[in-house]
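>>> attaching a predicted model along with its sequence, questions to come.
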Number of protein chains: 2
Amino acid sequence: MHNKFEEKTLKTEQIFQGKVVHLQVDDVLLPNGEVSKREVIKHPGAVAVIAITPEKKIVLVEQYRKPLEKSILEIPAGKLELGEQPEVTAIRELEEETGYTTEKLEFVTSFYTSPGFADELLYVYFTDQLSPVKEEKKLDDDEFVELFELTLEEAEKFVLEEKIHDVKTVYALLFLKDKLSWNNRP
Amino acid sequence: MHNKFEEKTLKTEQIFQGKVVHLQVDDVLLPNGEVSKREVIKHPGAVAVIAITPEKKIVLVEQYRKPLEKSILEIPAGKLELGEQPEVTAIRELEEETGYTTEKLEFVTSFYTSPGFADELLYVYFTDQLSPVKEEKKLDDDEFVELFELTLEEAEKFVLEEKIHDVKTVYALLFLKDKLSWNNRP
């Protein structure tokens, strides 16, 4: 059942090539023989890190998100550079955004964030082995973040207030709740 | 701390207005006084439904996703029509894609799927009160889906095979695992 309902590309129109996203419109052949259009956002992919301090707090960064016109608290994350291994991106973003580093990063899962219109694939990692970076790393020129370290309960309150409001962070909290519930089993 | 690091819009350039997404590029004033550009995808928002059959199976639909160039299994979902309440969209999409309906829909959470470049907000609902629709509903002309009903264990196998590979469905499985683990507590 690998590619059921496959839609073959008849033509691709390049609309926009930006710093972050590319946009194209594909003419596709549908399974019923009709022709339709698909709007496709191309994205380099990204990583996110569920990072726990020795005090069992989750590491979050506050950041203004222009598409949302508000600032939210998210787990550390960032885009893949061209050809970069996701583990390398994960360490780099963790160091730049939080001042922590780690030598033990576990792969959790990967998922597409918006499969209906974008090819962004997000790789999620976990670490509870944090240490301060020796030398402070520089953020991108247009990046401004503030560090927070919260208990799971504090973070869950921010979900209700929609201050935590993006899927990777909501997923991270559920992941930690599940992990703790298993850890605490008799 | 509501809008820390706010980026005021100096100018908006409309690039593309499609069926599903709009794309604009904003010139923004950064907190440090510099000017930068933000690529912003506008999306109408969407709903997804975590639906459980009386046999405790999760309802999934297989669908070809052009941006991924593969078909994956997802929980039923769809875009909001203009001005539509998310609950109404949720019932409509459930009926069209699965042939089930429900009179009891619980709100689970909402989250932004890709806050770095898109304003897509996804509303997630849960129901374990399914009944067959009386009259079969028509899918959109360019929509082709096949229904699956899987146990949690079967679904988790599909995650490892990357046949389930999108964030709302991965989130749904973790949500159900958490729910069952709490339900099964002494």
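It's in.

>>> need the contact list for the closest residue to residue A:167 other than its chain neighbours.
With Cβ to Cβ, 6 or more residues apart in numbering or on different chains as the measure, residue B:111 is the residue that lies nearest to residue A:167, at 4.3 Å, once sequence neighbours are left out. Backbone N, C-alpha and C define where each C-beta goes, glycine included. Residue B:111 is in contact with A:165-167, A:170, B:121-122, B:124, counting by Cβ atoms under 8 Å, 6 or more residues apart in numbering or on different chains.

>>> what subset of these is buried?
A:165-167, A:170, B:121-122, B:124 (16 or more other Cβ atoms under 10 Å in any protein chain shown).

>>> which one of those residues sits closest to residue B:11?
Using Cβ to Cβ, residue B:121 is the member of these that sits closest to residue B:11, with 25.0 Å.

>>> got the contact list for that closest one?
Taking Cβ under 8 Å, 6+ apart, we find residue B:121 in contact with B:45-46, B:110-113.

>>> export those residues to a markdown table and append columns for secondary structure, distance to residue A:41 and pLDDT.
As requested, those are arranged in a markdown table below (DSSP: H, G, I helix; E, B strand; the rest coil; distance: Cβ to Cβ, whole Å; pLDDT from 0 to 100):
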| residue | secondary structure | distance to residue A:41 | pLDDT |
| --- | --- | --- | --- |
| B:45 | coil | 16 | 98 |
| B:46 | strand | 15 | 98 |
| B:110 | strand | 21 | 97 |
| B:111 | strand | 18 | 98 |
| B:112 | strand | 15 | 98 |
| B:113 | coil | 12 | 98 |
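
>>> partner strands of the top strand by length along chain A, with direction?
Taking DSSP state E as the assignment, the strand of chain A that covers the most residues is strand A:8-17. According to DSSP bridges, strand A:8-17 has the following sheet partners: strand A:22-29 (antiparallel).

>>> from the chain's centroid, how far away is the partner strand?
Strand A:22-29 has its C-alpha centroid displaced from the chain centroid by 24 Å (Cα atoms, centre = their mean, to the nearest Å).

>>> same thing with stretch A:123-134?
15 Å.

>>> low-confidence ranges, chain A, go.
Chain A contains residues with pLDDT under 70 at A:1-2, A:182-186.

>>> please parse it into its domains.
Domain assignment for chain A by automatic domain parsing gives A:8-42, A:46-183.

>>> packed most tightly, which of those domains would that be?
domain A:46-183 (a mean of 18; mean count of other Cβ atoms under 10 Å in any protein chain shown).

>>> what are the ranges of the strands in chain A?
Remark: strands assigned in chain A by DSSP E are A:8-17, A:22-29, A:35-42, A:46-51, A:58-65, A:70-74, A:77-79, A:100-102, A:106-112, A:121-127, A:130-132, A:145-150.

>>> okay, the ones you listed in a markdown table with distance to residue B:63 next?
Listed next are the strands of chain A as a markdown table, based on distance: least, Cβ to Cβ, whole Å:
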| stretch | distance to residue B:63 |
| --- | --- |
| strand A:8-17 | 16 |
| strand A:22-29 | 14 |
| strand A:35-42 | 12 |
| strand A:46-51 | 23 |
| strand A:58-65 | 28 |
| strand A:70-74 | 28 |
| strand A:77-79 | 26 |
| strand A:100-102 | 37 |
| strand A:106-112 | 12 |
| strand A:121-127 | 17 |
| strand A:130-132 | 39 |
| strand A:145-150 | 36 |
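
>>> so how far is residue A:81 from residue A:24?
Relative to residue A:81, residue A:24 is positioned 22 Å away (Cβ to Cβ, to the nearest Å).

>>> typo on my end, it should be residue A:54
As judged by Cβ to Cβ, residue A:54 and residue A:81 stand 30 Å apart.

>>> tell me the contacts of the spatially closest residue to residue A:72 that is not a sequence neighbour?
Excluding its sequence neighbours, the residue lying closest to residue A:72 (Cβ to Cβ, 6+ apart) is residue A:165, at 5.1 Å. Residue A:165 makes contact with A:68, A:72, A:159, B:110-112, B:115, according to Cβ under 8 Å, 6+ apart.
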